[in-house]
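Asks: could you work out the structure for the sequence below:
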Amino acid sequence: MGCRISELVLDARDPERLAGFWCEVLGYVVLGTEDGDVEIGPPGVGFGGPQPTIVFNRTDRPKRGQLPLHIDVSPVGCDQEAEFARLLAAGATRADVGQTGRESWHVLADPEGNEFCLLRTPLEPLDSR
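Replies: Residues are numbered from 1 along each chain as shown. I've put the predicted structure just below:
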């Protein structure tokens, strides 16, 4: 038996703001707050479900520069361009990491500058059972 990723922890200057952004992006809800940290996850499932929860850890000194890990997201229920427009409207910004313009993905940044990619291939919604 192996391990599963149960939660991702991201440092944040403003955990509430990032939690709101990522709830909009992923369709997550706030699961709880503790000492300024905010945990979000799938509605009705929470910690231990098929998708990891995300904890936004309050810090005054988030790491700078390109991190060795970033999040990739895929559209669900629409195509890449419709999801790209939705993410920009939610507060994402375009990010330049040296793309050539021929990539099949879009590089974006969340409101605190954390880079993530929107992939082309849509995914089916997870079974909510």
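
Asks: which residues touch the spatially most central residue of the chain?
Replies: Geometric centre of the chain, nearest residue: residue 22, 5.0 Å, by CA atoms, centre = their mean. Each residue near residue 22 by CB atoms under 8 Å, 6 or more residues apart in numbering is listed here: 28, 40, 54, 56, 110. Bear in mind the C-beta positions are built from the backbone N, C-alpha and C, glycine included.

Asks: tell me the buried residues in the helix or strand harbouring it?
Replies: Using DSSP states H and E, residue 22 sits within helix 15-26. Residues of helix 15-26 classed as buried by neighbour count (16 or more other CB atoms under 10 Å): 15, 17, 18, 19, 20, 21, 22, 23, 25, 26.

Asks: alpha carbons of that helix, in CSV - could you do that?
Replies: Output of helix 15-26 as CSV, limited to C-alpha atoms (Å, rounded to 0.1, in the frame of the first residue of the first chain):
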residue,chain,number,x,y,z
PRO,A,15,-4.8,33.2,3.5
GLU,A,16,-8.4,34.3,3.4
ARG,A,17,-7.9,36.0,0.0
LEU,A,18,-6.1,33.0,-1.5
ALA,A,19,-8.6,30.6,0.0
GLY,A,20,-11.4,32.6,-1.7
PHE,A,21,-9.6,32.5,-5.1
TRP,A,22,-8.8,28.8,-5.0
CYS,A,23,-12.3,28.0,-3.8
GLU,A,24,-13.6,29.7,-6.9
VAL,A,25,-11.0,28.0,-9.1
LEU,A,26,-11.6,24.5,-7.8
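
Asks: and it, how far out from the chain's middle?
Replies: How far helix 15-26 lies from its chain's middle: 8 Å, per CA atoms, centre = their mean, to the nearest Å.

Asks: let me see the mean pLDDT of that helix.
Replies: For helix 15-26, mean pLDDT rounds to 97.

Asks: tell me where the chain has strands.
Replies: 7-12, 29-34, 37-41, 53-58, 71-73, 93-94, 106-109, 115-118 (DSSP state E).

Asks: average model confidence for the first one?
Replies: This means strand 7-12. Strand 7-12 shows a mean pLDDT of 93.
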